[in-house]
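In: please work out how this folds:
(one chain, ligands or ions: 1)
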Amino acid sequence: MAGNFFNVECPDCENEQIVFGKAASEVACEVCGHTLARPTGGKAAIEGEVLETVEAR
Ligand SMILES: [Zn+2]
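Out: Predicted coordinates:
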């Protein structure tokens with residue numbers, strides 16, 4: 001199964017950013033640097049609000 005991408009809203013600055021669902025390293029907000037996802041060994045833990053799931057294709 002291919003990993004999904006998530007459209008995540010930063011809780012600090014409301015920037016919307018696409019985050020890979022299986023990110024292998026921390027993903028920071030491009031605007032304010034807030035951590036949006038951190039690796040957990042499998043699926044990434046999403047720290048912001050997931051607005052929608054974007055299917056990989
Ligand atoms: Zn931000």
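
In: how many residues are close by the closest residue to residue 46 other than its chain neighbours?
Out: Distances taken as Cβ to Cβ, 6 or more residues apart in numbering place residue 37 nearest to residue 46, at 5.2 Å, with adjacent residues excluded. For every residue, glycine as well, the C-beta is placed using N, CA and C. Under the neighbour criterion other Cβ atoms under 10 Å, residue 37 is assigned a count of 23.

In: sec struct for residue 37, please.
Out: The three-state assignment at residue 37 reads strand, by DSSP: H, G, I helix; E, B strand; the rest coil.

In: angles on the backbone of the most centrally placed residue in the chain, please.
Out: The centroid of the chain falls nearest to residue 19 when counting by Cα atoms, centre = their mean (3.2 Å). The phi and psi torsions at residue 19 (degrees, to the nearest 10) take the values phi -120, psi 130.

In: against residue 46, how distant is it?
Out: 7 Å (Cβ to Cβ, to the nearest Å).

In: check contacts around the nearest residue to residue 28 once chain neighbours are set aside.
Out: With Cβ to Cβ, 6+ apart as the criterion, residue 28 has its nearest non-adjacent residue at 5.7 Å, and that residue is residue 35. Counting by Cβ atoms under 8 Å, 6 or more residues apart in numbering, residue 35 makes contact with 26-29, 47.
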